[in-house]
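Enquirer: predicted model follows, preceded by the sequence.
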Amino acid sequence: MRPELFEIPFIHLTIKSYGLMMVVGFLAAVALIRRLSRDITTDPRHITNAALYSLIAGVVGARAFYVVHHFDQFQGQSLYSVFAIWKGGLELVGGVILAIAVIILYLWYHKLQIRQYMDILAIGLMLALAFGRIGCFLNGCCYGKPTELPWGVQFPYNSFAYISQVNADPQRNRNEPQLKLPREEYEGYVDKEGRWYPKPLEDLTNAQKADVTKGKYRCLPVHPTQLYMSTMGAILCLILYLFWRRSKNACSSAKACRIFTSPGSTFSLMFILYGIGRYLIEFLRDDNPFEFAKLTISQILSLILIAVGVVLMAVFAKMGSGKTAVQ
């Protein structure tokens, strides 16, 4: 876990791992999208512009979704806290939804081939996801449940996972802490919700430091769900690329284009596959509260994405290959 990778000398500006991996993912996605779009455009500036707008929209959407989802954390805080994304607090689903909406509006405004572009953007989006979730792992957020599997990861003292484990979590139907750290010895402060946070490591005695870093109070191993999602993104990128290539070859026949290979099908398949993958991985995560029927907000949205993907797949199959630019 390395939320801060390094500090720039003299100006004392720290480079955050999450933000850096987002940028790396964005650049990799743009490079891939520009390469794949050679067949449908002679002006790559549209791809770059759409990607830049989607990046901005993605950050805004991810932050807005987090603020709405965790609004109680911002009550009584200044307006400044809402915009302080460098302190953490982004939810990918919100960013994806707003980014896609902005891209569609951009393509529609410039009368570009919306479905063809969205197919390619879907492939790039999964590549960006693969890099972005590595940033989550380095930051320590989006952590998983305790596990005894050999690849379980132990995050450091006072990490997000550690703080979760030493607290009960009624929102996840967990009435007892997973790690029984003596509160009277280690308590640093308590937030307004009654959640307590351990003292900083430097304030502990040598014996306490040994206990929380190597001994009986070390963080329990957890599922590296961030890396699961990163792997899922890479696999989905490959699957969508192969499906897109198959669709392009099949569309040499107008009839074949109606069998889930017409423009827009790859974009629709992204919704379905990502929704299924995210829904399943949420069972292994331990950070999001249950919202309804023991489902997290991400699982509920995943079910919606799956349904939207199925509907879009059927609609685009009925539309066929399309003849106009805005198709």
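Expert: On my side now, so go ahead.
Enquirer: beta partners of the residue nearest to residue 220 when sequence neighbours are not counted?
Expert: Nearest residue to residue 220 in three dimensions, chain neighbours excluded: residue 146, at 4.3 Å (CB to CB, 6 or more residues apart in numbering). Every C-beta, even on glycine, is put in place using the N, C-alpha and C of the backbone. In this structure, residue 146 bridges to residue 222 when assessed by DSSP bridges.
Enquirer: quick one: the helices in the stretch 101-250 of the chain?
Expert: 114-139, 160-165, 183-186, 206-213, 225-250 (DSSP state H, counting those that start in this stretch).
Enquirer: turn these into TSV, including distance to residue 308.
Expert: Output for those, formatted as TSV (distance: least, CB to CB, whole Å):
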stretch	distance to residue 308
helix 114-139	13
helix 160-165	31
helix 183-186	45
helix 206-213	45
helix 225-250	16
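Enquirer: and those, which is most packed in?
Expert: Most buried of those, by mean neighbour count (mean count of other CB atoms under 10 Å): helix 114-139, with a mean of 24.
Enquirer: in three-state terms, label the closest residue to residue 308 other than its chain neighbours for me.
Expert: Spatial nearest neighbour of residue 308, chain neighbours left out: residue 271 (5.5 Å); criterion: CB to CB, 6+ apart. Residue 271 falls in the helix class when you classify it by DSSP: H, G, I helix; E, B strand; the rest coil.
Enquirer: what's the neighbour count on residue 271?
Expert: 23 (other CB atoms under 10 Å).
Enquirer: wait, it touches residue 306, no?
Expert: Yes. With contact defined as CB atoms under 8 Å, residue 271 and residue 306 form a contacting pair (6.8 Å).
Enquirer: if we can go back for a sec, minimum distance to residue 23: which of the helices of the stretch 101-250 of the chain has it?
Expert: When the helices of the stretch 101-250 of the chain are compared by CB to CB, helix 114-139 sits nearest residue 23, at 8.9 Å.
Enquirer: from the chain's centre, how far out does the host helix or strand of residue 52 sit?
Expert: Assignment of secondary structure by DSSP states H and E places residue 52 within helix 45-69. Averaging C-alpha positions (CA atoms, centre = their mean, to the nearest Å) puts helix 45-69 13 Å from its chain's average.
Enquirer: average model confidence for it?
Expert: The average pLDDT for helix 45-69 rounds to 79.
Enquirer: distance between stretch 232-246 and the chain's centre?
Expert: Offset of stretch 232-246 from its chain centre (CA atoms, centre = their mean): 18 Å.
Enquirer: got a list of contacts for it?
Expert: 36, 119-120, 122-123, 126-133, 261, 265-266, 269-270, 273-274, 277-278, 281 (CB atoms under 8 Å, 6 or more residues apart in numbering).
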